[in-house]
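Colleague: All I have is the shape, not the residue letters:
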């Protein structure tokens, strides 16, 4: 099909996606996509609404071998060491961190609420971008894990000390839980266990 015709077909599909306000075909088949004001919230809601990946039994040797098959690394050495330099550990740790935040939020009665408050930190924007990026699973998961841990180091997801839970905590929790979901789904797709705790 000619490019403008393909663009028109894509336009119809994209216009129906959550968070998309408008799609226009320009020039020789280029698409201009305008996002709705609540695009980020719609994106996070879609991730949170997806059914969770089934859990796989933990088997460190098998997990390391499967990671090595797609991303490289020594499945009998470095990939078995639980340190931040190990990309497999980093991804599994970030997943477990997200699960821990969900448990703590439940204990504090703080529900996740995408869009409850704006996510304004550049690191939060980078995490949202990493969640939306495609690409090969292992490097993508590592980028997501790095972005989550950067966000967590800059500001806590949940209230600290005497701080009262507020809209910002609900929005941050939605981002963390969506991140945990994407990490768990990615690990599951690789046949690697996605721990709730480490």
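Modeller: Yep, that arrived. Keep in mind it's a predicted model, so treat the numbers as computed, not measured.

Colleague: I would like the residues contacting the worst-scoring helix or strand of the chain on mean pLDDT, please.
Modeller: Using mean pLDDT, DSSP states H and E, the weakest-scoring helix or strand in the chain turns out to be strand 30-35, at a mean of 88. Residues outside strand 30-35 that contact it (Cβ atoms under 8 Å, 6 or more residues apart in numbering) are 7, 10, 11, 14, 19, 20, 21, 22, 23, 24, 25, 26. Yep, even glycine has a C-beta here, placed from its N, CA and C like the rest.

Colleague: what's near enough to touch residue 102?
Modeller: Going by Cβ under 8 Å, 6+ apart, residue 102 touches 112, 173, 176, 177, 180.

Colleague: List just the nearest of these to residue 143.
Modeller: Sorting the contacts of residue 102 by how near they are to residue 143, with Cβ to Cβ, puts residue 180 at the top with 15.2 Å.

Colleague: what about the helices in the protein?
Modeller: Counting by DSSP state H, the chain has these helices, from start to end: 3-15, 39-49, 60-71, 87-108, 122-132, 137-154, 167-189.

Colleague: Quick one: list the elements packing against the longest one.
Modeller: In this structure, helix 167-189 packs against helix 39-49, helix 87-108, helix 122-132, helix 137-154, with contacts taken as 3 or more Cβ pairs under 8 Å, 6 or more residues apart in numbering; DSSP states H and E.

Colleague: With distance to residue 187 as extra columns, can I get those in TSV?
Modeller: TSV is the format used below for the helices and strands packed on helix 167-189 (distance: least, Cβ to Cβ, whole Å):
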stretch	distance to residue 187
helix 39-49	15
helix 87-108	7
helix 122-132	15
helix 137-154	7
